[in-house]
Each structure stands twice: as C-alpha cells, then as structure tokens.
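Participant: Kindly return the folded structure for what I paste below:
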Amino acid sequence: MIPRQAGDILDTRQLQAFLGAVDTGSLTRAASVLHVSQPTVTNRIKALERTLGSTLLERLPGGVRPTRVGRTLVSYAREVVRLSSEIERLVDAPGEPNGRVTVGAPESLINQRLLPLIEYIHLRYPHIDFSLRISTPQDAAAHLCEGLLDCAFTIGDGASHCDLEYRDLCPEPLVLVAAPLRGAPGRDAEEEQLDFGSVLVCADVDGRYCEDLLHRAGLPNPSRRILSLNSVGAVKHMAENGIGAALLPEIAVAEDIANGRLRKVNWQPVTRTYTRALWRRSNVSRPALQAVLQAAAKVVSES
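Facilitator: Next up, the predicted model:
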C-alpha cells in the first residue's frame, strides 16, 4: 500500500498515462501513444498511485498489467477522462453537441447500414469527434461496460445486458446459406437442403446465439461445430466451398444468393432479429451520444 498524501487531487494526465499503460501493456508504448517520454508516463502513474494510496500496475519483465485495484479503476478512469474532454469541448462550442463518441459495430452493419452515418455526423455535427470501429458481438457489451465504446450496434432479438439500454432500429433477418446444390444421384433437393453438414460458420452474430436459433427452429445437432469468424468474406468463402453452412444477415448475402454463388437453405428462425443500438445507462444524457443515436435511427430507417 502506498501512503496517500493529503490534499492530492486526480489529474486527467495521470489517468491517461495509466489507461495508456493498461491498453498497450507497456510504459514505452503508452508514451508513444500519448506523445510524451517514457519517464513522464512513469512519473504520472507513480503520482496517481500516491494520490490513491494503492499500487495500480504490476511491473513484469515484458511489460505491465493492472493490479486488482487497477482493474477496478479502469472504467472510472475512462469516464473521468471522457468527461474532462467533454467539458473542454463544451467551453469551445457552447450549445452544440460535442465530444468524442466511439461506436462499435459488426462488419456487415458497417458496410450495409452505417456508412451513411459517418457522412451524416460529419456534415451535421462538426463538433462531434465520431469514431466507428469493427466490434464483434462477443465484445460489444464488455467494451461498453469497460468504457472502450460509447455505443454499439449489434444484431439480435432485442434482449439486452442488464446494465445497458437498447433501441431496435430495424428488422435484420438472418439467413442460412450453403454451397449450391450439386444434384447428387439418389438425393432430392429437399433432402440436400436440410442436410447442410456438421459445421456452422457465422460472423456478426454470436456463435452461441446462432446455435440457439437452430435448436429452437428444430435443427438441433449436439455434434455440430460452430465457427465464429470476424470476416463476413471468409464466412461466405467457407460456405461457397462446402465446408459448412453459414448464418449471416440477409443484407450481407443477398447479392451472392441472387447470382447463384450461395443458396438459401429452407430454414426460418422462430424469432425476429433486429439491428439495435446499445449504450450504457449512465451515458444516456450526453448530448453527443443522443445526437448519434437519433442520427443512426434516421439513417438506418432510410437505408
């Protein structure tokens, strides 16, 4: 335990140094990201540890990692740094929605639904620092809770993490696709349609959710292997080559089905799925986030 000095206050530069070290796993890399010297990062983290009276980082031969107290601090530190930035921007642009909004979404939604959102925000909200990055369904909720994302767009059935708010933006049908029928002797098309193999490949939808959808639709297979990939293109390639069936958003494969590269398996999910926006309850009052959510609802409804 580090003795705490009376009268010390939190310094956002110290918090940024701490977060840089946590995110990169290295004091040297944190210094590079923050454009300061490595001793400066070290001194700022030591000063923060003195202020809080706790060791925040464990020094390892290959870098650093947060201690138990450090891990607890991470989400709060991100919030303090974000709010500090919001205050500075508010002074610079009073009355305008401003600040940084970091958004995560799967590849198919970025390509098919959200690209117009970037242009919309850029033209209508010049004081919002908007960042859109690929985020897997498995990571979205965790990254929101950790403060790495302010908002995430996912594909699901409307259920939400207990600490998150959500808004359904539009129906987002999922389809099961496979390689084109080969017309094997002695098998009719209906039989082959239902026999899509023991491998299910998916992207942009959580693998466990994919398996549950198939089970509820009457296609259980305890031995079925679920492969979750981060690339829609790779998933389609595996399906085209007969490695397995693929469960994907219909918007991601509509062209492939139309031109015969993939065939749509005779399957229908028992529940409707939606494109939805997720955000932390504590962030709902932020004008910049509200502006992005309203813009997203408008853009998605018109796409």
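Participant: mind listing the helices for the stretch 51-200 of the chain?
Facilitator: Ranges of helices in the stretch 51-200 of the chain, per DSSP state H, counting those that start in this stretch, are 68-92, 107-109, 115-124, 137-145, 189-194.
Participant: Please indicate which of those has the most neighbours on average?
Facilitator: Highest mean neighbour count of these: helix 107-109, a mean of 23 (counted as mean count of other CB atoms under 10 Å). In this view, the C-beta of every residue, glycine as well, is placed from N, C-alpha and C.
Participant: Quick one: list the elements packing against it.
Facilitator: strand 151-156, strand 245-249 (3 or more CB pairs under 8 Å, 6 or more residues apart in numbering; DSSP states H and E).
Participant: Just put the helices of the stretch 51-200 of the chain in CSV and tack on distance to Ala258 and mean pLDDT.
Facilitator: CSV is the format used below for these (distance: least, CB to CB, whole Å; pLDDT from 0 to 100):
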stretch, distance to Ala258, mean pLDDT
helix 68-92, 44, 80
helix 107-109, 17, 90
helix 115-124, 21, 88
helix 137-145, 26, 83
helix 189-194, 18, 46
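Participant: of those helices, which approaches Ala31 most closely?
Facilitator: Taking CB to CB, helix 68-92 is the member of these nearest to Ala31, at 16.9 Å.
Participant: roughly how far out does stretch 105-117 sit from the chain middle?
Facilitator: Centroid displacement of stretch 105-117 relative to its chain, using CA atoms, centre = their mean, to the nearest Å, is 12 Å.
Participant: first vs last residue of it, how far apart are they?
Facilitator: Using CA to CA, to the nearest Å, the end-to-end distance of stretch 105-117 comes to 12 Å.
Participant: just to revisit the earlier point, export the helices of the stretch 51-200 of the chain to JSON lines and tack on distance to Ile257?
Facilitator: Shown next, in JSON lines, are the helices of the stretch 51-200 of the chain (distance: least, CB to CB, whole Å):
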{"stretch": "helix 68-92", "distance to Ile257": "42"}
{"stretch": "helix 107-109", "distance to Ile257": "14"}
{"stretch": "helix 115-124", "distance to Ile257": "22"}
{"stretch": "helix 137-145", "distance to Ile257": "23"}
{"stretch": "helix 189-194", "distance to Ile257": "13"}
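Participant: Ala296 is nearest to which of the ones you listed?
Facilitator: So among these, helix 115-124 is nearest, using CB to CB, at 5.6 Å.
Participant: Please list the outside residues in contact with the closest one.
Facilitator: Residues outside helix 115-124 that contact it (CB atoms under 8 Å, 6 or more residues apart in numbering): Ile128, Phe130, Leu132, Ala291, Val292, Ala295, Ala296, Lys298, Val299, Val300, Glu302, Ser303.
Participant: returning to that earlier point: so of the helices and strands packed on helix 107-109, which one's packed in deepest?
Facilitator: Mean neighbour count (mean count of other CB under 10 Å) peaks for strand 245-249 among those, with a mean of 27.
Participant: Restrict it to CA atoms and write it as PDB.
Facilitator: The C-alpha coordinates for strand 245-249 follow below in PDB (Å, rounded to 0.1, in the frame of the first residue of the first chain):
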ATOM      1  CA  ALA A 245     -23.500 -23.700 -43.700                       C
ATOM      2  CA  ALA A 246     -23.200 -20.100 -42.900                       C
ATOM      3  CA  LEU A 247     -25.600 -18.000 -40.800                       C
ATOM      4  CA  LEU A 248     -25.400 -14.300 -41.800                       C
ATOM      5  CA  PRO A 249     -27.500 -11.200 -42.000                       C
END
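Participant: Just give me how far the very next helix or strand once past that strand sits from the chain centre.
Facilitator: Proceeding N to C from strand 245-249, the next assigned helix or strand is helix 250-258, under DSSP states H and E. Chain-centre distance of helix 250-258: 23 Å, with CA atoms, centre = their mean.
Participant: Counting by contacts, list what helix 250-258 packs against.
Facilitator: strand 174-178, helix 232-240.
Participant: Just give the number of residues close to Val270.
Facilitator: Val270 has 10 neighbours, counted by other CB atoms under 10 Å.
Participant: Gly244: what's its closest spatial neighbour, skipping adjacent residues?
Facilitator: Closest residue in space to Gly244, ignoring its immediate chain neighbours: Val199 at 2.9 Å, by CB to CB, 6 or more residues apart in numbering.
Participant: Low-confidence stretches in this structure?
Facilitator: Where the chain drops to pLDDT under 70, the residues are 1-9, 86, 88-95, 157-162, 182-197, 217-223, 284, 303.
Participant: Make JSON lines out of the helices and strands packed on helix 250-258 and add mean neighbour count.
Facilitator: Formatted as JSON lines, the helices and strands packed on helix 250-258 follow (neighbours: other CB atoms under 10 Å):
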{"stretch": "strand 174-178", "mean neighbour count": "23"}
{"stretch": "helix 232-240", "mean neighbour count": "19"}
